[in-house]
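Colleague: Sequence and computational prediction follow.
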Amino acid sequence: MRRILVTSALPNANGAIHLGHMLEHIQTDIWVRFQRMMGNQCIYVCADDTHGTATMLAAEREGVTPEVLIERLRAEHAEDFRRFYVSHDNYYSTHSPENERYNSLIYTRLAERGYTYTADVEQLYDPVRKLFLADRYLKGNCPRCGADDQYGDNCQECGATYDATELVNPRSMLSDAEPELRNSTHYFVDLPQFADFLKEWTATDAVQPEVANKLAEWLTGGLKAWDISRDAPYFGFRIPGTEDKYFYVWMDAPVGYMASFQHLCDRTEGLEFDDFWTPDSQAEVHHFIGKDIINFHCLFWPAVLSGSDFRTPTKVHVHGMLTVDGKQMSKSRGTFINAGTYLEHLDPEYLRYYLATKFGGNTDDMDFGLDDFVQRVNADLVGKVVNIASRCAGFIGKNFGGRLAGEIHDAELWGAVSSAGDELAELYESGDTGRAVRRITALADLGNRYIAEHEPWKHLKDPDRRDEVHGVCSLGINVFRALAAYLKPILPAMAEKAEGFLRVEPLAWRDAATPLLDHEIDRFRPLFTRIDKKALDKVIEATRAEAVEASAASRESNTVGIDDFQTIDLRVAKVLAANFVDGADKLLELNLDVGDHQRRVFAGIRGAYDPAKLVGRLVVIVANLEPRKMRFGVSEGMVLAAGPGGRDIFLLAPDTGAEPGMQVT
RNA sequence: GGCUGCGUAGCUCAGUUGGUUAGAGCACAGCAUUCAUAAUGCUGGGGUCGUUGGUUCAAGUCCAACCGCAGCUACCA
């Protein structure tokens, strides 16, 4: 018996599970269920990837702690996967004590062995939000072609790549402030020390050949050290021995595989972490990932593992990306389909089957063709496979007391079906479920042809041919049973219904090789209904509607809960200076004392207030309003006032005694 | 821009080390059939294999350039 640990890449805790995630988890789950049917021990763990600046900012926006945010999403994600029959043994979180422990352990071992070092890095810093800016939060002009609005790493216009520090007129996308160049100490894993190890490792069959080709680009070009630290504020684990340095999320994400497994071991009798993770382990570790994250899993991760005295992965299974009707998933086209939206209208096994026909065990992209999806499922699954049971069951029930014949009517047909198991097993093992499905539907074609040739409905009237009819229909049921077993990794719920119909124990792979003889079966009930194209249209419509709603945000709701209200940080502020703004006929620029700091706020009150008379008075401001770029500068908040506008504007004023910085509750 | 991979009938794909008239399923058309969730069987139409050029007795298959798609390009998770 093989002992196998399997993972899918960790979904981010910053959004809902969508079709792209489902592709990966369904592919993984099919492989896992196949291994289990073969009698192997196969543990499947996953987790939400929770850390990073994005989580921190999202939680801030919602006015909750990151912990609250990520736990809510984790529960949602786990539920989506469960409803698609994805059989995780554990769906955990990277924000866990186990993960912190393994991160520290791995880091400490790497440091002790001289695989880490620190160096000062110059990085752009947002003085308003008080944090260092990742490339994705920076925009500016391309240093080569000057194009507007380019991100901090490369230019969409001319294709140049550069450092964020080279951007011309850089701007923080969080505050629109001009970033400052600041020095900070960063921690690095000295990847070049692992160059020889990685060259050897990537040449094994742990990675697909095309992946090895891609990796050769980095390996021959020379590996760079890997920056594994981020400065506070950051939502993550603090690096041992530091005050304000945190592990970069890509350091702790793959360690999350180990942590999720450890968490499972702690609750499972007989499951030992060390059996799977020591360097001499005989167990297997398989990672399923998309081709977008090859470098993390095939360079950093094996290097980190080998440098910290853990085993390296047996195999990294890399798949291509999902397109819908030939294009990237898009919210406005209605093709950025969330798992939850799909489930409201369609059976999860439709998707499992359709995607299974697409997997080839390679890194080619896969297209979700909307019409193709409907046709494929209806024609193959309902028209071919299930139809065999449906057309034979009636005869068995009505004429033979629901009992199958005692012998095989056609040895040749049964031989073809029952002997396909080995070839199909190889296809499943290599991840080529597309070819496996094609072989299985070809077997279904054989079955349907066989039944058509023997015309049981005609011969039933002839008493001399009753045994033949019994034999033909019984063999039909047996063919169906074998196909249900072959398809069980893909269609677990259908297989379960088939087991009920056949009155048998849960099907194992080897059951396809031995027929059911002289055995009573149940009445047949439809195992699958056809896809209604209208249901799919509804999914697209709903997805489009979600996109519109999301962009309209929560502006339209009439009432808010107390929690929503508490997300707004109202504060008392004192006007230190007030000035006219050149070129603005409604605005005044205010300098406000907010207690611990000062801010600049633009207020549209020029028509009602003389700036000179404002100085010294107290006002109420929204302190956590997203900084807004205006024509004349960035406004860092909003002063509260009542009235229709023009001359009729009335500032809210706290009574005497209030101090700048006090929160309004 | 560089790198990896892909581009074969309307759709989804198969085409092994280059070798006789390029295959399958779905869709479409005709016929047959009626047991089955309008399911099944038989027959048929449909492709200058992304483009251009090259190597070769012979290229979908090898080479080059170009076009299109996806991903990566190390601080987006």
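Modeller: Looks like it came in fine.
Colleague: Run the chain-centre distance for stretch A:591-598.
Modeller: 42 Å (C-alpha atoms, centre = their mean, to the nearest Å).
Colleague: Now do the buried residues in it.
Modeller: For stretch A:591-598, burial by neighbour count (16 or more other C-beta atoms under 10 Å) applies to A:591-595. Placement of C-beta: from N, CA and C, glycine included.
Colleague: And stretch A:505-512, by the same measure?
Modeller: Those would be A:507, A:509, A:511-512, for stretch A:505-512 by 16+ other C-beta under 10 Å.
Colleague: before we move on, back to that, out of the buried residues of stretch A:591-598, which sit inside strands?
Modeller: Judged by DSSP state E, the subset of the buried residues of stretch A:591-598 located in strands is A:591-593.
Colleague: now, which of the residues you listed sits nearest A:Asp380?
Modeller: Of all those, A:Asp380 sits closest to A:Leu592, with 67.3 Å by C-beta to C-beta.
Colleague: Which strands and helices lie in contact with the helix or strand where A:Phe276 lies?
Modeller: Element membership of A:Phe276, judged by DSSP states H and E, is helix A:273-277. In terms of contacts (3 or more C-beta pairs under 8 Å, 6 or more residues apart in numbering; DSSP states H and E), helix A:273-277 is packed against strand A:3-8, helix A:249-266.
Colleague: Indicate which one of those is closest to A:Glu100.
Modeller: Across the helices and strands packed on helix A:273-277, closest to A:Glu100 is helix A:249-266 (C-beta to C-beta), at 8.0 Å.
Colleague: quick revisit: and of the buried residues of stretch A:505-512, the nearest to RNA strand B?
Modeller: Taking C-beta to the nearest atom of the strand as the measure, RNA strand B lies nearest A:Leu507 of these, at 17.4 Å.
Colleague: Roughly how far does the closest one sit from A:Gly500?
Modeller: As judged by C-beta to C-beta, to the nearest Å, A:Leu507 and A:Gly500 stand 11 Å apart.
Colleague: pLDDT of the helix or strand harbouring A:Leu198, averaged?
Modeller: Secondary structure from DSSP H and E places A:Leu198 in helix A:195-202. Taken as a whole, helix A:195-202 has a mean pLDDT of 92.
Colleague: cool, stretch A:354-365 as well?
Modeller: Rounded mean pLDDT across stretch A:354-365 is 90.
Colleague: Same check on stretch A:249-264?
Modeller: Mean predicted lDDT for stretch A:249-264 stands at 96.
Colleague: hmm, that stretch in reach of RNA strand B?
Modeller: Yes - using C-beta under 7 Å from any atom of the strand, stretch A:249-264 comes into contact with RNA strand B via A:249-250, A:253.
Colleague: nearest to RNA strand B, of those?
Modeller: A:Val249 (4.0 Å).
Colleague: what sits against that closest one?
Modeller: Shown in contact with A:Val249 (C-beta atoms under 8 Å, 6 or more residues apart in numbering): A:49, A:51-52, A:94, A:236.
Colleague: just the buried members of those?
Modeller: Among the contacts of A:Val249, those classed as buried by 16+ other C-beta under 10 Å are A:49, A:51-52, A:94, A:236.
Colleague: Which of those residues sits closest to A:Lys586?
Modeller: Set against A:Lys586, the nearest of the buried ones among the contacts of A:Val249 by C-beta to C-beta is A:Gly52 (39.8 Å).
Colleague: Go ahead and confirm the closest one touches A:Gly236.
Modeller: Yes - the pair formed by A:Gly52 and A:Gly236 meets the contact definition of C-beta atoms under 8 Å, at 6.9 Å.
Colleague: next SSE after the helix or strand bottoming out on mean pLDDT in chain A?
Modeller: Using mean pLDDT, DSSP states H and E, helix A:562-566 stands out as the lowest-scoring helix or strand of chain A, at a mean of 54. Next in sequence after helix A:562-566, counting helices and strands by DSSP H and E, comes strand A:570-580.
Colleague: neighbouring strands for that following strand, and are they parallel or not?
Modeller: When sheet partners are counted by DSSP bridges, strand A:570-580 sits next to strand A:588-593 (antiparallel), strand A:618-622 (antiparallel), strand A:663-664 (antiparallel).
Colleague: quick one: which helix or strand includes A:Asp396?
Modeller: To be clear, residue A:396 is Ile; Asp isn't right here. helix A:387-399.
Colleague: any idea of the mean pLDDT in the next helix or strand after that helix?
Modeller: Next along the chain after helix A:387-399, taking DSSP H and E as the criterion, comes helix A:411-418. Average pLDDT, helix A:411-418: 94.
Colleague: Restrict helix A:411-418 to CA atoms and write it as PDB.
Modeller: This file holds the C-alpha atoms of helix A:411-418, laid out as PDB (Å, rounded to 0.1, in the frame of the first residue of the first chain):
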ATOM      1  CA  ALA A 411     -17.700 -13.100 -23.100                       C
ATOM      2  CA  GLU A 412     -16.100 -10.900 -25.700                       C
ATOM      3  CA  LEU A 413     -17.900  -7.700 -24.600                       C
ATOM      4  CA  TRP A 414     -17.400  -8.400 -20.900                       C
ATOM      5  CA  GLY A 415     -13.800  -9.100 -21.600                       C
ATOM      6  CA  ALA A 416     -13.300  -5.700 -23.200                       C
ATOM      7  CA  VAL A 417     -15.000  -3.900 -20.400                       C
ATOM      8  CA  SER A 418     -13.600  -5.800 -17.500                       C
END
